[in-house]
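Undergrad: Fold the following.
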Amino acid sequence: MRLIRALLANRQGNFAMMTAIIAIPLFYAAGSVIDFAMAHKEKEVIQNIGDSAALAGGAIYDGTNSAASIARARQFVEAEKGRLRAGTSFDVKMVGQTIQVTIESKHDNSFMQMAGIATIDLSTRSEAIAPMKPKTINFKPNKSQGYYYKKVTVRVVRPGSTVETILGTIDYQPTTHDNGGQGIMTVRPTQTFDLGKYTKLVLQMDIKYDGCAIGQRATVVGLAVKCSLSDDPADARYNLVLRTDEPSTSYYLFVEGKQLPKGVESPLSSILVCDKTTNHAWEDGGGFARQDFFYTVTTTCAPNGKFVRLTK
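TA: Residues are numbered from 1 along each chain as shown. Reported below is the predicted structural model:
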């Protein structure tokens, strides 16, 4: 007690001692900040590796090759091991159309180990999803009517290209003007079109007002429509072209009885719904109160790695 009272009474020596005592926790506190900052920086590196690996694996996923996608992600992490600490572990798995990459590591502390905390656990999880896109489309013509000849084509643009490829065609040939115009629809090559890999999907309808195809001219005998060959330049072109990606005409299409918006490019998600049958009606320009081309569209979808994105 005498010693303590003496220290408290001594205004010269105890200041240095108290400063030394206080400096110890301050030193540990400052060191902890440095350790945590370094651990955070190291975790960012690990997270970036995991994110890149997930994207690499998801980019090749097509719904059937989970093993290949997992292998691609693992190869990416293995290639980056030079940036990871010894003892780092990782795991890759597929859950549905989502690829998950988890990485576990430890940061070696420089200051906190003096307080008995040798390491800080580091754990990251990256997820990437390959979104579903229509892979096959089944067109089932239900009804067509009107006086005009119409041709609907299914078109895609392949990756790395700007050229549209026509996968299938539906023709409507009017045969009579009875009951507002009636005729025959033909689907080529079949009712099912495999889209393959694509960056854009478009439906287009070409319309010829006289009622016959390109290179032909229609004559009406009574109510019957007869087509004959014609070299008239007027019969060598369509009078109207409608497209689902053309803002000025996309509103000619009705999906489940609802007219698509005017003045905007119709999103494919509003036209083709994955793994569902939808009813379409397309007006050919003669009057919106009475649509002229009716069909159902059944889509089968598959993941498309081209549009892979991180979700976590």
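Undergrad: thought Leu310 was touching Ser52?
TA: No: using C-beta atoms under 8 Å, Leu310 is not in contact with Ser52, being 9.8 Å away. All C-beta spots, glycine's among them, are computed from the backbone N, C-alpha and C.
Undergrad: Looking at those two, which has the bigger crowd around it?
TA: Neighbours were counted for Leu310 and for Ser52 using other C-beta atoms under 10 Å; Ser52 has more, 18 against 14.
Undergrad: check which helix or strand covers the more buried one.
TA: Element membership for Ser52, per DSSP states H and E: helix 14-58.
Undergrad: I'd like the mean pLDDT over that helix, please.
TA: For helix 14-58, mean pLDDT rounds to 75.
Undergrad: any idea which helix or strand comes after it?
TA: Immediately after helix 14-58, counting by DSSP H and E, sits helix 66-79.
Undergrad: For the nearest residue to Thr190 once chain neighbours are set aside, the count of nearby residues, please.
TA: Spatial nearest neighbour of Thr190, chain neighbours left out: Gly168 (7.6 Å); criterion: C-beta to C-beta, 6 or more residues apart in numbering. Gly168: 19 surrounding residues under other C-beta under 10 Å.
Undergrad: Hmm, Gly168 is touching Asn138, no?
TA: No: Gly168 lies out of contact with Asn138 (C-beta under 8 Å); the separation is 10.2 Å.
Undergrad: Buried residues, stretch 196-215. List them.
TA: Using 16 or more other C-beta atoms under 10 Å as the test for burial, stretch 196-215 gives 198, 201-213.
Undergrad: try stretch 292-304
TA: By neighbour count on 16+ other C-beta under 10 Å, the buried set for stretch 292-304 is 292-295, 297-299, 301-304.
Undergrad: and it, C-alpha only, in PDB?
TA: Presented in PDB, the C-alpha positions along stretch 292-304 are these (Å, rounded to 0.1, in the frame of the first residue of the first chain):
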ATOM      1  CA  ASP A 292     -56.200 -13.000 -88.700                       C
ATOM      2  CA  PHE A 293     -53.500 -15.500 -87.600                       C
ATOM      3  CA  PHE A 294     -54.000 -17.700 -84.500                       C
ATOM      4  CA  TYR A 295     -51.600 -20.300 -83.200                       C
ATOM      5  CA  THR A 296     -50.300 -21.700 -79.900                       C
ATOM      6  CA  VAL A 297     -46.600 -21.700 -79.000                       C
ATOM      7  CA  THR A 298     -45.200 -24.300 -76.700                       C
ATOM      8  CA  THR A 299     -41.600 -23.700 -75.700                       C
ATOM      9  CA  THR A 300     -39.000 -26.000 -74.100                       C
ATOM     10  CA  CYS A 301     -36.200 -24.100 -72.400                       C
ATOM     11  CA  ALA A 302     -32.700 -24.800 -71.500                       C
ATOM     12  CA  PRO A 303     -30.000 -22.800 -69.700                       C
ATOM     13  CA  ASN A 304     -27.900 -20.500 -72.000                       C
END
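Undergrad: which regions of this structure lie under the pLDDT threshold?
TA: Within the chain, the stretches with pLDDT under 70 are 1-32, 115, 191, 266-271, 305-307, 312.
Undergrad: Domain map for it?
TA: 2-130, 133-310 (automatic domain parsing).
Undergrad: Just the endpoints, please. Distance across the last one?
TA: Separation of the first and last residues of domain 133-310 by C-alpha to C-alpha, to the nearest Å is 17 Å.
Undergrad: Look up how far Ser126 lies from the residue nearest to Thr165 when sequence neighbours are not counted.
TA: Spatial nearest neighbour of Thr165, excluding adjacent residues (C-beta to C-beta, 6+ apart): Val156 at 5.5 Å. In this view, Val156 and Ser126 are 31 Å apart by C-beta to C-beta, to the nearest Å.
Undergrad: among the buried residues of stretch 196-215, which two are most distant?
TA: Maximum pairwise distance among these (C-beta to C-beta): 33.9 Å, between Tyr198 and Asp210.
Undergrad: Can you give me the buried ones in stretch 274-294?
TA: 280-286, 291-294.
Undergrad: any idea which of these is closest to His177?
TA: Gly286 (12.5 Å).
Undergrad: Run through the residues that contact the nearest residue to that closest one once chain neighbours are set aside.
TA: Counting by C-beta to C-beta, 6+ apart, Gly286 lies nearest to Gly146, which is 6.0 Å off, once chain neighbours are set aside. Neighbouring residues of Gly146 by C-beta atoms under 8 Å, 6 or more residues apart in numbering: 172, 174, 180-181, 284, 286, 292-293.
Undergrad: That concludes my questions; thank you for your assistance.
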